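[1] Provided below are the primary sequence and the corresponding predicted coordinates.
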Amino acid sequence: MNDFFRKIATKVSQATGSAGAFLVAFTAVVAWAVTGPLFNFSNTWQLLINTATTIGTFLMVFLIQNTQNRDGRAMQLKLDELIRATRARDEFIDIEDLDDEELGRITEEFSRIHESSNDPILKKFHAKLQAVHHDRKHPRAFRK
């Protein structure tokens with residue numbers, strides 16, 4: 001069942017993410033809007049588009065989540081392989097499973113490394129890491 005769903009989800013997500021699918025959806029919305037006067041903008045006319053978009057959105061949420069889960073898992077495996085293949089620390093394998101406190105300690109460790117380094121690339125990476133960590137600890141309701 002999982003393999004069948006994966007194959008279907010992959011094909012549907014590829015199809016719905018195409019320019020052709022967008023054109024079909026756009027054409028359907030335009031056709032719906034143009035037919036409004038023909039149906040006197042009736043409740044049934046409005047219900048048609050509301051129902052269609054609600055069902056489409058509902059189903060697409062599951063397809064998108066499935067695709068993101070699979071992509072995220074594949075990305076983590078690729079990163080794990082890079083860690084194993086290089087001289088990077090093995091402790092970074094599965095680091096995404098750590099809680100925020102443990103990630104904070106690792107961030108502090110990188111801060112100490114950063115402060116003792118003059119490498120501009122490492123400094124830029126550290127600044128981005130700090131910003132992400134700060135945003136996670138202090139989420140803002142509205143971002144500008």
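    Perfect, thanks for sending it. Keep in mind that this is a model prediction, so the values were computed, not measured.
[2] The helix or strand residue 63 falls within packs against which elements?
    With the criterion set as DSSP states H and E, the secondary-structure element containing residue 63 is helix 43-85. If you count contacts as 3 or more C-beta pairs under 8 Å, 6 or more residues apart in numbering; DSSP states H and E, helix 43-85 packs onto helix 2-16, helix 19-34. In this view, the C-beta of every residue, glycine as well, is placed from N, C-alpha and C.
[3] nearest to residue 89, of those?
    Proximity of the helices and strands packed on helix 43-85 to residue 89 was assessed by C-beta to C-beta; the nearest stretch is helix 2-16, lying at 32.9 Å.
[4] Would you mark the buried spots in that closest one?
    For helix 2-16, the buried set under the neighbour-count rule, 16 or more other C-beta atoms under 10 Å, comprises 9, 12, 13, 16.
[5] Ok, stretch 20-38 next?
    residue 32.
[6] pLDDT on that stretch, on average?
    For stretch 20-38, mean pLDDT is 95.
[7] Mind putting the helices and strands packed on helix 43-85 into CSV with distance to residue 49?
    Formatted as CSV, the entries for the helices and strands packed on helix 43-85 read as follows, by distance: least, C-beta to C-beta, whole Å:
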stretch, distance to residue 49
helix 2-16, 18
helix 19-34, 5
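[8] Can you say which of those helices is nearest to residue 109?
    Closest to residue 109 of the helices and strands packed on helix 43-85 is helix 2-16 (C-beta to C-beta; 38.1 Å).
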